[in-house]
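*Asks:* sequence and predicted structure below; questions after.
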Amino acid sequence: MINAHFVGDNVRTSSPLAFSMYEKSRWGEKKNGFVEFSGVETLYFVERNKTEVFSGKKKIGFDELLRKFKKKDKKIETKLAVFSDLRSKGYIVKTALKFGAEFRVYDKGVKPGTEHAKWIVYCVKENEQMSWHDFAAKNRVAQSTKKNLLICVVDEEGGVSYYEVGWIRV
């Protein structure tokens with residue numbers, strides 16, 4: 001079990017197990033002697049009873065964590081469904097804020113830093129609408145970063161459908 005702490009807006013730990021998980025499967029990010037977990041990583045671990053998160057000495061449960069993260073990210077539940085599904089399939093999933101996307105996904109067996117991500121991911125609920133302009137912009141970002149665009153659609157039951165989009169030359 002990993003014990004982690006809320007420090008400011010971040011969840012971090014100095015647990016040797018967290019460092020081992022970072023080295024093996026790139027969970028979290030190493031920063032200043034700690035492993036820092038993203039919101040979805042934290043929720044993923046807490047939901048599976050792999051991590052306990054504390055604010056001071058008070059333990060924070062899944063529902064309270066979800067509320068905290070939802071204040072900053074309205075799409076956190078949709079992202080968690082996609083993150084969980086991709087991780088369960090063996091992919092390395094990292095944040096992609098600098099690309100204006102939810103995630104970048106590395107092919108199985110690839111570690112970030114050794115190769116580039118294969119996909120840039122956008123998560124949507126099945127009842128959300130996306131304009132052609134938004135779609136084209138997302139595809140352009142993926143193309144300019146030499147990644148494939150992966151649109152992940154989460155249905156009402158939490159199931160995820162994947163649509164890979166690419167350019168073809170005619």
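*Replies:* Perfect, I can see it now.
*Asks:* quick one: the helices in the chain, in order.
*Replies:* 16-25, 39-47, 62-72, 76-88, 132-144 (DSSP state H).
*Asks:* and the angle for the fourth one with helix 39-47?
*Replies:* Spelled out, it's helix 76-88. Here helix 76-88 points in a direction 70 degrees away from that of helix 39-47 (axes from the mean of the first three to the mean of the last three Cα atoms, to 10 degrees).
*Asks:* tell me which of the helices of the chain sits nearest to Val153.
*Replies:* Val153 sits nearest to helix 76-88 of all the helices of the chain, at 9.1 Å, using Cβ to Cβ. C-betas here are computed from N, CA, C, even on glycine.
*Asks:* just how off-centre is the closest one within its chain?
*Replies:* Distance of helix 76-88 from the chain centroid (Cα atoms, centre = their mean, to the nearest Å) equals 7 Å.
*Asks:* does anything pack onto it? Which helices or strands?
*Replies:* Judged by 3 or more Cβ pairs under 8 Å, 6 or more residues apart in numbering; DSSP states H and E, helix 76-88 is in contact with helix 39-47, helix 62-72, strand 92-96, strand 101-106, strand 119-125, strand 148-154, strand 160-165.
*Asks:* now with 6 Å, please.
*Replies:* In terms of contacts (3 or more Cβ pairs under 6 Å, 6 or more residues apart in numbering; DSSP states H and E), helix 76-88 is packed against helix 39-47, strand 92-96, strand 119-125, strand 148-154, strand 160-165.
*Asks:* dump those into a markdown table; add distance to Gly109 as well.
*Replies:* Shown next, in a markdown table, are the helices and strands packed on helix 76-88 (distance: least, Cβ to Cβ, whole Å):
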| stretch | distance to Gly109 |
| --- | --- |
| helix 39-47 | 20 |
| strand 92-96 | 9 |
| strand 119-125 | 15 |
| strand 148-154 | 17 |
| strand 160-165 | 19 |
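*Asks:* let's have the ones you listed in CSV, adding mean neighbour count and mean pLDDT.
*Replies:* As requested, the helices and strands packed on helix 76-88 are exported to CSV (neighbours: other Cβ atoms under 10 Å; pLDDT from 0 to 100):
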stretch, mean neighbour count, mean pLDDT
helix 39-47, 22, 92
strand 92-96, 21, 87
strand 119-125, 22, 92
strand 148-154, 20, 92
strand 160-165, 13, 92
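*Asks:* disregarding residues adjacent in the polypeptide, which is nearest to Val165?
*Replies:* Leu149 (4.2 Å; Cβ to Cβ, 6 or more residues apart in numbering).
*Asks:* beta partners for that neighbour?
*Replies:* For Leu149, the beta-bridge assignment (DSSP bridges) gives partners Ile120, Val165.
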